[in-house]
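# sharing a model that was predicted from the sequence below.
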Amino acid sequence: MADLQVALAPWDLKGRSWVFPVSFPAGWSTPYQADVLSSGGEFIGGLGLVQVISYSDSPVDDELIYVPGRWKYADGTKAFRITQIYVSSKASTTNGRKNWNIPKQVASFDIKTAADGTTTISVSHPGVSTPFFKASVKSIPIISALSIYSNTSIVGKYFMLVQPPLPAGEAPEEVATSQWATLVPVIKGPVSLRRMTPALAGKVGDGVGFPAVTPWSFAFCMEKLDMEFGIATMQDAV
């Protein structure tokens, strides 16, 4: 662990992103983290999402994120929670867990864009050729050429994350944490629509490495993502 670079918050992340809206959650997380990540507060659902990010200028390289919806807490606060996330480096895993309780694990990413503009996203466990997540994203004629600039700060704390403390995993980089973390990430950039096609028997996940969800048939694409992950507020309970 001593050879892993420390990257304290805040992080200013740039790259490209694809967001797949999800109406019905299917599972929470990797088994050893599932109980923790599904407890604390009341799950109220609502709109969830799957997000893939390929960074160009940041402490991380690629991420696959699952957010099943929102939770409600005793003080009336409502917030989202990341319950499953894979990243492409051990350093991102350790720093993401320490900084914000983001339950990161390492995976192998294969993101390719063909000559016709179709982007195929495949994620697998290290050393395994069969993906546990796979989807393709393709431009929609005329519609995808249009974009709208988005800045999540205009909706205040709607996209707030409240993340529970994490247990340690088998991998050394999967460190444990002891307090709850709260933060409001800010995402900025032009957004356009794409057509999304799940590639694992009608799902994007295999139900083992990643929840077997069927997102909507379109994706929000941000070719110039600018995301700010600030310093989290830590507390013993929520």
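Perfect, thanks for sending it. Numbering: from 1, shown residues only.
# now residue 192: closest residue in space, sequence neighbours ignored.
residue 147 (4.2 Å; C-beta to C-beta, 6 or more residues apart in numbering). For every residue, glycine as well, the C-beta is placed using N, CA and C.
# the one you found contacts residue 220, doesn't it?
No: with contact defined as C-beta atoms under 8 Å, residue 147 does not reach residue 220; the gap is 10.2 Å.
# who's in contact with the residue nearest to residue 192?
190-192 (C-beta atoms under 8 Å, 6 or more residues apart in numbering).
# relative to residue 157, which of these is nearest.
Proximity of these to residue 157, judged by C-beta to C-beta, is greatest for residue 191, which lies at 20.3 Å.
# could you name every residue contacting both of residue 147 and residue 220?
Each of 191-192 lies in contact with both residue 147 and residue 220 under the rule C-beta under 8 Å, 6+ apart.
# need the residue closest to the centroid of the protein.
Centroid check for the chain by C-alpha atoms, centre = their mean gives residue 65 as the closest residue, at 2.1 Å.
# does it count as helix, strand or coil?
strand (DSSP: H, G, I helix; E, B strand; the rest coil).
# for it, which residues are in contact?
For residue 65, counting by C-beta under 8 Å, 6+ apart, the contacting residues are 49-53, 82, 84-85.
# that one and residue 84, how far apart?
Per C-beta to C-beta, to the nearest Å, residue 65 is found 7 Å from residue 84.
# angles on the backbone of residue 20, please.
Here is the backbone geometry of residue 20 (degrees, to the nearest 10): phi -110, psi 110.
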